[in-house]
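**Q** Build me a model:
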Amino acid sequence: MVDLSTTYLGLHLANPIVPSSSPLMKKVDNIRRMQDAGAAAVVLHSLFEEQITRESQELDRYLNHGTESFAEALSYFPDLISYNLGPEGYLEHIERVKAAVSIPVIGSLNGVSSGGWINYARKIEEAGADALELNIYYVAADTDQHSLDVEKMYLDLVEDVKGSVRIPLAVKLGHHFSAFANFAKQLSQAGADGLVLFNRFYQPEFDLNSLEVVPNLDLSNSTELRLRLRWVAILYERIGADLAVTGGVHTAEDVLRSMMAGANISMVTSVLLERGIGHLKTLLSDLVRWMEEREYDSIQQMRGSMSHRAIAQPAALERANYMKVLLS
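**A** Numbers count the residues shown, from 1 in each chain. Here you go, the predicted structure:
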């Protein structure tokens with residue numbers, strides 16, 4: 001019997017396939033179907049810094065308006081306990097999901113700056129989330145902003161969020177850093193229990209008819225996995241944080257490659273949007289069949305088998321691979 005179990009963020013998972021943050025997570029029924037199809041855990045859709053900050057500011061304006069008119073003005077303040085503030089609805093969603101499924105549920109916060117909004121990390125924990133994913137989506141477009149300042153912003157945010165919760169914290173980020181291996185190590189030292197590699201930075205499109213910049217979304221494909229495999233293979237057993245691959249996982253072979261590079265889990269979204277939630281069953285059955293045919297007993301047996309862990313200078317290997325590709 002093939003053992004597909006793995007661990008991620010201290011959580012014991014039945015297999016390494018985890019549906020990642022997406023609009024699919026907004027419906028409890030979808031998450032229940034994911035569990036039934038074999039998902040080992042789920043990452044909920046994100047609660048955004050802007051969402052929390054904006055709605056809190058709007059509420060403050062509403063509460064303060066008219067308070068100088070007369071003392072009885074307090075009587076028409078909304079009942080904050082039952083007030084359906086957007087972020088509060090997110091916390092209620094976590095509670096409903098936890099009541100509906102038995103697999104681990106990972107909450108998601110999306111933001112870039114430290115501030116009062118990160119108090120929702122603790123609220124997400126209190127709502128029952130088993131772990132928290134901090135999704136840092138930031139484009140450093142300021143020509144006066146130094147790269148060290150950007151890294152410090154990330155590290156400060158990780159430290160602040162980690163300091164507000166007891167549950168494990170994963171950090172989802174992009175790869176656009178000049179010395180990513182060192183930065184990954186710093187994130188781990190700042191408190192990140194896991195790194196999710198990598199965020200997909202969506203590229204806007206220019207509409208030549210309306211002369212406007214419009215949002216554009218292309219679903220991932222397996223070719224995007226290569227960047228993730230490279231960095232997971234480099235970081236495996238070189239930093240303390242667990243590693244998750246996200247972006248480009250579409251087949252059982254993609255999951256296998258991720259495990260051999262050294263990942264703890266493989267996250268899927270685009271393939272579920274394309275083929276449906278039930279495709280999780282296909283991924284798992286294909287995974288088992290491949291391992292049985294090649295006499296692998298467990299995921300743990302193969303994990304990291306194609307990483308850089310035995311190489312003293314991984315950068316030298318990358319250079320050699322670069323030359324080989326050009327000359328082939």
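**Q** Look up the closest residue to Leu284, ignoring the ones flanking it.
**A** Gly38 (4.6 Å; CB to CB, 6 or more residues apart in numbering). For every residue, glycine as well, the C-beta is placed using N, CA and C.
**Q** my guess is the one you found contacts Leu287, does it?
**A** No - between Gly38 and Leu287 no contact is recorded; they are 9.8 Å apart, counting by CB atoms under 8 Å.
**Q** hey, what's in contact with both of these two?
**A** Common neighbours of Gly38 and Leu287 are listed as 15, 17 (criterion: CB atoms under 8 Å, 6 or more residues apart in numbering).
**Q** With neighbour numbers in mind, choose between those two.
**A** Using other CB atoms under 10 Å, the more surrounded residue of Gly38 and Leu287 is Leu287, with 25 against 19.
**Q** Sort out which residues of the strand or helix carrying that one are buried, please.
**A** Counting by DSSP states H and E, the element that carries Leu287 is helix 279-293. Burial within helix 279-293, assessed by neighbour count using 16 or more other CB atoms under 10 Å, is assigned to 279-280, 282-284, 287-288, 290-291.
**Q** next helix or strand past that helix?
**A** Moving toward the C-terminus from helix 279-293, the first helix or strand encountered (DSSP H and E) is helix 299-302.
**Q** Buried residues, that next one. List them.
**A** Within helix 299-302, the residues scored as buried using 16+ other CB under 10 Å are Ile299.
**Q** average model confidence for that helix?
**A** Helix 299-302 comes out with an average pLDDT of 96.
**Q** Now Leu271. Its backbone dihedrals?
**A** To be clear, residue 271 is Val; Leu isn't right here. The phi and psi torsions at Val271 (degrees, to the nearest 10) take the values phi -70, psi -30.
**Q** Which of the helices and strands in the protein ranks last by mean pLDDT?
**A** Of the helices and strands making up the chain, the lowest-confidence element is helix 49-64, at a mean of 54, by mean pLDDT, DSSP states H and E.
**Q** Flag every buried residue along the following helix or strand past that one.
**A** Helices and strands here follow DSSP H and E; after helix 49-64, the next one along the chain is helix 86-100. Residues of helix 86-100 classed as buried under the neighbour-count rule (16+ other CB under 10 Å) are 87-88, 90-91, 93-94, 97-98.
**Q** Please apply the same query to stretch 9-22.
**A** For stretch 9-22, the neighbour count (16+ other CB under 10 Å) marks 9, 11, 13, 15-22 as buried.
**Q** Adding secondary structure, pLDDT and distance to Ala121, write those residues out as CSV.
**A** Supplementary listing: the buried residues of stretch 9-22 in CSV, determined by DSSP: H, G, I helix; E, B strand; the rest coil; pLDDT from 0 to 100; distance: CB to CB, whole Å:
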residue, secondary structure, pLDDT, distance to Ala121
Leu9, coil, 98, 14
Leu11, strand, 98, 17
Leu13, strand, 98, 22
Asn15, coil, 98, 28
Pro16, coil, 98, 26
Ile17, strand, 98, 26
Val18, strand, 98, 20
Pro19, strand, 98, 22
Ser20, coil, 95, 19
Ser21, coil, 92, 15
Ser22, coil, 90, 21
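**Q** of these, closest to Leu132?
**A** Distance to Leu132 across the buried residues of stretch 9-22 (CB to CB) is lowest for Leu9, with 9.1 Å.
**Q** give the contact list for that closest one.
**A** Contacts for Leu9 were tallied using CB under 8 Å, 6+ apart; they are 106, 131, 168-170, 193-194, 242.
**Q** Could you identify which of those has the most neighbours?
**A** Most crowded among the contacts of Leu9, counting by other CB under 10 Å, is Ile106 at 28 neighbours.
**Q** Partner strands of the helix or strand containing it, with direction?
**A** When secondary structure is defined by DSSP H and E, Ile106 falls within strand 105-110. Sheet pairing for strand 105-110, assigned by DSSP bridges, gives strand 42-43 (parallel), strand 47-48 (parallel), strand 131-135 (parallel).
**Q** which helices and strands does the helix or strand encompassing Met34 pack with?
**A** Met34 is located in helix 28-37, with elements delineated by DSSP H and E. Packing contacts for helix 28-37, counted by 3 or more CB pairs under 8 Å, 6 or more residues apart in numbering; DSSP states H and E, involve strand 42-43, helix 86-100, helix 279-293.
**Q** Touching, Glu205 and Asp218? I think so.
**A** No - counting by CB under 8 Å, Glu205 sits too far from Asp218 to count as a contact (10.0 Å).
**Q** Who has more neighbours out of those two?
**A** Neighbours were counted for Glu205 and for Asp218 using other CB under 10 Å; Glu205 has more, 12 against 9.
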